[in-house]
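Enquirer: mind folding the following:
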Amino acid sequence: MAPPTEDTLTKVSTDAANEFVQSFYPALENNRNTIASFYNQPTAMILFNGNAVADGAAVQEIFVNQMSPTHYEVQSFDCQIVNQTYPTPTSTGLKLPTETGLKDMSILVLVSGYVRFGESRDLPQRGFSETFLLVPNPSSDGPKGRRRKDWLIQTQNFRLVV
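Expert: Got it, this is the predicted structure:
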């Protein structure tokens, strides 16, 4: 089998980034009890304005119990493949580079836009910039489930723009 072309890899990474952005930000607004499911367990590294957050469950706890309602307006996003042969975990260990498939890659996703904290549309919007490193979900080889995600957050850095 021939290796995938650059065009194919670019399409896979762009589709992954688009699917991620289209599902992650609505979850932050309206489906906060699912936030932890977006994170790789247990090794995700998460920063919010320079403050470390332990894991996806801690992010979910912040959004569910501490943060006022939010509205995100994504203005743009971009992505880039970081590692074309990411060692995806399996039930028997890590996939070897010779065993990797088209989706065994890590993807850098850059997002920018505006966020409003609070329900009133009259509240000011703040600019934000967010960087993610997405990795394959090791359980995505199984049957398609309603809530199964192909990509998980390995690293996240959120910043409000001054």
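
Enquirer: from now on I want contacts and neighbour counts done on CA atoms only, so please keep to that.
Expert: OK.

Enquirer: pull the longest helix from the protein.
Expert: Counting residues, the longest helix found in the chain (DSSP state H) is helix 6-30.

Enquirer: for that helix, packing partners?
Expert: strand 70-83, strand 106-117 (3 or more Cα pairs under 8 Å, 6 or more residues apart in numbering; DSSP states H and E).

Enquirer: dump these into CSV; add distance to Pro42 and mean pLDDT as well.
Expert: Shown next, in CSV, are those (distance: least, Cα to Cα, whole Å; pLDDT from 0 to 100):
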stretch, distance to Pro42, mean pLDDT
strand 70-83, 20, 98
strand 106-117, 17, 98
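
Enquirer: how many neighbouring residues does the residue nearest to Leu28 when sequence neighbours are not counted have?
Expert: Once flanking residues are discounted, Leu28 sits nearest to Ile35: 6.9 Å by Cα to Cα, 6 or more residues apart in numbering. Other residues within reach of Ile35, judged by other Cα atoms under 10 Å, total 20.

Enquirer: now do Gly50
Expert: A count of nearby residues for Gly50, using other Cα under 10 Å, gives 10.
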